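J.: Show me the folded form of this:
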Amino acid sequence: MRKLYSKIALFLLPLFLVCLALEVFYRQAPNNYSYKDQQLQKVAPFTKTLIMGDSHAFYGINPVYFKDPTFNLSNISQSLLTDELLLEKHIANLPALKNVIINISYFTLSAKENALESNWRKYFYYHNMGITAPSISFWDPQRYSMALIQRFDKSIDLVQQYHKNHTIVHSTPLGYGMQDASDIVKDKEAISIVIANKHEDNSLDFKRNTARLQRIIALCKKYGVGVVLLEMPVYPAYYNLLDTEKKEKIKSVLHELSELNDTVFYLDLSTSPLFEKQDVRDADHLTNSGAKKCSILLNKYIQDTQF
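T.: Predicted structure coming up:
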């Protein structure tokens, strides 16, 4: 029996050491979440515009092109739930804040809680940004171990990326998502079909997320902060493949929120003629030059709008 225990111990020891090494890696190596949290604390006293939302804002709005101090707190697959939690945490510590920009994507208002594709991200927000999603329970093992958050192969990929580049942060100091020419997709017509299908959830149930937007608006109003609800520019083929009824309902909801609240403004750039096909890198994300154009436009919009 003692030999059996010894064999089991010898088998488990390497696994334990690998898990321990991954735990140390995740807790020591800065990532987009921890880096943004640290950077926001540095600029919080004078930030006037806060950008929130998903990857469309992360890669599409660059704070360096804004006249007033601006920080991009958006992230890949960031939901309205996370936007709300982040705003609740930080707004009292942003004394100069005047504007919050929230990008609304095709899937934002119909998104369900804990979508499987990005469910793991909530643990990074918990460990690195200090917010707790309601679905994280006391018994959740990922609540205590970061090594358990992602699949093993994904963790190894991150370690290799860190070894090669000496960082896994893909954000500028002001929160903009770094990208280069290698991110531009050649066949945007083909990728538009793939992404449009991926983003279609066949749901017109906006109740939960509309209520969440209303709470965000009320919180901002309490602190004297204006809100811009923004639809970002996308590739024409992608936009045309999306369900017309759903697109119209999204615009209707956002327009109504702006009509009912004098501190809310709705800006729809989804089909704006100001943007050309080369401004979009794939189906629904801007290139660096497209982001520059969008950011300059947004800055002018904010400067011209009386909040």
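
J.: Please name the residues that touch the closest residue to residue 287 other than its chain neighbours.
T.: In space, and not counting its chain neighbours, residue 287 is closest to residue 281: 4.5 Å by Cβ to Cβ, 6 or more residues apart in numbering. C-beta here means a position set from N, CA and C on the backbone, and glycine is covered the same way. Contacts here follow Cβ atoms under 8 Å, 6 or more residues apart in numbering; on that basis residue 281 touches 59, 179, 183, 184, 185, 287, 290.

J.: number of nearby residues for the first one?
T.: I take that to be residue 59. The burial count assigned to residue 59 is 27, neighbours taken as other Cβ atoms under 10 Å.

J.: With residue 149 instead?
T.: Residues within reach of residue 149, counting by other Cβ under 10 Å, total 20.

J.: do you know how far the closest residue to it other than its chain neighbours is from residue 212?
T.: Distances taken as Cβ to Cβ, 6+ apart put residue 123 closest to residue 149, at 4.6 Å, once the chain neighbours are dropped. Computed with Cβ to Cβ, to the nearest Å, the distance linking residue 123 and residue 212 is 21 Å.

J.: more crowded one of those two?
T.: Neighbours around residue 123 and residue 212, counted as other Cβ under 10 Å, are more numerous at residue 123. The numbers are 23 against 18.

J.: What lies in contact with the one helix or strand that one maps to?
T.: For residue 123, the element it lies in under DSSP states H and E is helix 121-129. If you take Cβ under 8 Å, 6+ apart as the criterion, helix 121-129 is touched by 26-27, 31, 33-34, 36-37, 75-78, 82, 85-86, 89, 114, 131-133, 135-136, 142-143, 146, 149.

J.: of these, buried ones?
T.: Using 16 or more other Cβ atoms under 10 Å as the burial test, those include 26, 31, 33-34, 36-37, 75, 77-78, 82, 85-86, 131, 133, 136, 142-143, 146, 149 as buried.

J.: circling back: among the contacts of residue 281, the buried ones, what's the ChimeraX command?
T.: Burial among the contacts of residue 281 is assessed by 16+ other Cβ under 10 Å; the matching ChimeraX selection reads:
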select :59,179,185,287,290
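
J.: now the contacts of residue 281 as CSV including pLDDT?
T.: Shown next, in CSV, are the contacts of residue 281 (pLDDT from 0 to 100):
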residue, pLDDT
59, 97
179, 90
183, 88
184, 92
185, 94
287, 96
290, 96
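
J.: so which of the contacts of residue 281 comes closest to residue 221?
T.: Distance from residue 221 was checked for each of the contacts of residue 281 by Cβ to Cβ. The minimum falls on residue 59, at 29.0 Å.
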